[in-house]
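J.: Please work out how this folds:
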Amino acid sequence: MDYNNNGDYNLEPSEPYELERRLDDPDDPSEVTIYDPDADNLTTTWLTADLEVAVDLEETL
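T.: Okay, here's the model as predicted:
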């Protein structure tokens, strides 16, 4: 993520990439993990969000 000239964040990725997701329980998920399946080291390239407290990005803009 980069700043633009106005000091705002540029939320557009610089190059396209594919991400995958996993749910802790497919029938009743409480966490979602997003990761790059092509990453060499998944232990440092994943993100997990608790769905009870997650906020839609559109609601923050």
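J.: Which of the helices and strands in the protein ranks last by mean pLDDT?
T.: When each helix and strand of the chain is scored by mean pLDDT, DSSP states H and E, strand 2-3 comes last, with a mean of 48.
J.: What count of nearby residues applies to residue 33?
T.: Per other Cβ atoms under 10 Å, the neighbour tally for residue 33 reads 14. To be clear about C-beta, it is placed using only N, CA and C from the backbone, and glycine gets the same treatment.
J.: for it, what are its contacts?
T.: By Cβ atoms under 8 Å, 6 or more residues apart in numbering, the contact set of residue 33 is 21, 22, 23, 24, 46, 47, 48.
J.: any low-confidence regions in this structure?
T.: By pLDDT under 70, the low-scoring segments of the chain are 1-14, 42-44.
J.: One more pass at 80, please.
T.: Where the chain drops to pLDDT under 80, the residues are 1-17, 41-49, 51, 57, 60-61.
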